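J.: Okay, here's the prediction I keep looking at, along with the sequence it came from:
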Amino acid sequence: MKESKGKLIAYWIITVLVAANYGFAGFVYLQQGPDMQMGAKALGYPLYFFAILGVWKLLGAVAILVPKTPVIKEWAYAGMFINLTAAAISNSIAKFPVQHIISPLVVLLFVILSWALRPASRRSETRF
């Protein structure tokens, strides 16, 4: 079945935005600047946790863009879902301002849209 051109364009726009967000966040987490360190401290997480997240965020950004890796994409999307829901919950528990709770959920919406709009060639045939 042929994908509609509009759906494909929407997929690519949303997916590039998600990948850019994850790539930038990965870079920031690996740089561990003063703002990131303050956020980590406020959340009660050690800095090495953000170094690990930074690597996974960069890998996730690459995974959703690279062709012919549908199973890896599924894992990347699952990781993004877990990461973003955990971020919203952690920010809420730490009593961060509401924008720090809502922003991961907005990115999560983009992740879900990217996942839902992906063309058949980027879907895994594996069924559990």
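T.: Okay, I see it. Numbering: from 1, shown residues only.

J.: who touches the residue most central in space within the chain in this structure?
T.: The structure's the chain has its C-alpha centroid closest to Met80; by C-alpha atoms, centre = their mean the separation is 3.9 Å. If a contact means C-beta atoms under 8 Å, 6 or more residues apart in numbering, then Met80 has 18, 22, 60, 108, 111 as its contacts. The way it works is simple: take the backbone N, C-alpha and C, and place the C-beta from them, glycine included.

J.: Recalculate using a threshold of 10 Å.
T.: 18, 21-22, 56-57, 60-61, 63-64, 107-108, 110-112, 114-115 (C-beta atoms under 10 Å, 6 or more residues apart in numbering).

J.: now do Gly26
T.: Contacts were defined as C-beta under 10 Å, 6+ apart; by that measure Gly26 touches 50, 53-62.

J.: Let's see that with 8 Å instead.
T.: With contacts defined as C-beta under 8 Å, 6+ apart, the neighbours of Gly26 are 53-58, 60-61.

J.: Repeat that for Ala42.
T.: Residues touching Ala42, when contacts are defined by C-beta under 8 Å, 6+ apart, comprise 94, 96.

J.: if I look at it, how far off is Gly54?
T.: Applying C-beta to C-beta, to the nearest Å, one obtains 18 Å for the distance of Ala42 from Gly54.

J.: can you check Asn91 too?
T.: Distance from Asn91 to Gly54, by C-beta to C-beta: 18 Å.

J.: Buried residues, the lengthiest helix in the chain. List them.
T.: The helix spanning the most residues in the chain, taking DSSP state H as the definition, is helix 5-31. Within helix 5-31, the residues that count as buried by 16 or more other C-beta atoms under 10 Å are 11, 14-15, 18-19, 21-23, 25-26, 29-30.

J.: cool, and stretch 78-94?
T.: Buried positions in stretch 78-94, judged by neighbour count with 16+ other C-beta under 10 Å: 79-80, 83-84, 87-88, 90-91.

J.: Repeat that for stretch 29-43.
T.: Of all the residues in stretch 29-43, those buried under the rule 16+ other C-beta under 10 Å are 29-30, 36, 39-40, 43.

J.: Quick check: the two most widely separated of the residues you listed?
T.: Pairwise distances among those were taken by C-beta to C-beta; the largest, 17.3 Å, belongs to Leu30 and Leu43.

J.: I am finished for the moment; much appreciated.
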